[in-house]
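*Asks:* output the structure for:
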Amino acid sequence: MPPTTTTPTLTLAGAQTALAAAAAHATAIGVPMNIAIVDSATHLLAFHRMDGAKLTSISIAIDKAFTAAGHRAPTSVYKEAVWPGGAAFGIWNSNGGRFLTVGGGVPIVDAEGRVLGAIGCSTGTPAQDEEVAGKGKEAVEREVKRAGKAKL
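*Replies:* Just a heads-up that it's a prediction; the model follows:
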C-alpha cells in the first residue's frame, strides 16, 4: 500500500449544484432553508441562507453537514440511539458539541460509495430538512454519474 492516498472530494461546482437543487425544492415546498455544503474533510464549501430562513438554524445546517460527512451517515440514523440508555447517548457532546443527531444532514457519495462531502439543511421539521438535503444530494450524485470519472 502506498504511503499516501488521494481522496475524492466535492468541489465548489458540485456544492453549487447541490445548493441550487436544495433551494429549488425548499422553495417548492414553501420552507426557506439554511443550506450548507461541506467537502469530504468536513470543511465548509458553500452556504446559502434563503430569505426567511431561521437565523438560529445557520450553525445547525453547517453542523448537520459536518456530522454527515465526518461520520459518513445521515444525521437521522441517530434518532433512536441518542435517548438515555441508547447506544449513542451523549454523542452530541463530541466534536466540540458539533455532532448533530437531528435529521437534515446527508452524505454525498460517488458510485463506489466514497463520501465526497455532505449537505445539511435546517429551518423546517427534521423530515423537511432531510427531504431538501436529499434533493441536493441527488443532484450532485446524478452529475457524478454523468461525468464518470470527471471531478465535481
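*Asks:* if you count contacts, what does the top strand by length along the chain end up packed against?
*Replies:* Criterion DSSP state E: the longest strand present in the chain is strand 115-122. Applying 3 or more Cβ pairs under 8 Å, 6 or more residues apart in numbering; DSSP states H and E, one finds that strand 115-122 makes contact with helix 12-29, strand 34-39, helix 58-71, strand 105-109, helix 126-147. Bear in mind the C-beta positions are built from the backbone N, C-alpha and C, glycine included.
*Asks:* now residue 86, what's its secondary structure?
*Replies:* Three-state assignment for residue 86 (DSSP: H, G, I helix; E, B strand; the rest coil): coil.
*Asks:* from residue 124, how far out is the closest residue in space to it that isn't next to it in sequence?
*Replies:* Once flanking residues are discounted, residue 86 sits nearest to residue 80: 6.6 Å by Cβ to Cβ, 6 or more residues apart in numbering. Look at residue 80 and residue 124: by Cβ to Cβ, to the nearest Å, they are 21 Å apart.
*Asks:* OK, contacts around residue 82?
*Replies:* Residue 82 sits next to 88-92, 101 when contact means Cβ atoms under 8 Å, 6 or more residues apart in numbering.
*Asks:* list only buried entries from those.
*Replies:* Among the contacts of residue 82, the ones that count as buried by 16 or more other Cβ atoms under 10 Å are 88, 91-92, 101.
*Asks:* those residues: which two are farthest apart?
*Replies:* The span of the buried ones among the contacts of residue 82, defined through Cβ to Cβ, is set by 88 and 92 at 8.7 Å.
*Asks:* mind listing the shared neighbours of these two?
*Replies:* By Cβ under 8 Å, 6+ apart, the residues touching both residue 88 and residue 92 are 82, 101.
*Asks:* ok, residue 101 touching residue 87?
*Replies:* No: if you go by Cβ atoms under 8 Å, residue 101 and residue 87 don't touch, sitting 11.8 Å apart.
*Asks:* anything in contact with each of these two?
*Replies:* Residues touching both residue 101 and residue 87 by Cβ under 8 Å, 6+ apart: residue 81.
*Asks:* neighbour count: residue 80 and residue 124, which is higher?
*Replies:* Set side by side, residue 80 and residue 124 show more neighbours around residue 124, with 22 against 10, by other Cβ atoms under 10 Å.
*Asks:* just give the nearest non-adjacent residue to residue 49, would you?
*Replies:* Sequence neighbours aside, residue 34 is the residue nearest to residue 49 in space, at 5.1 Å (criterion: Cβ to Cβ, 6+ apart).
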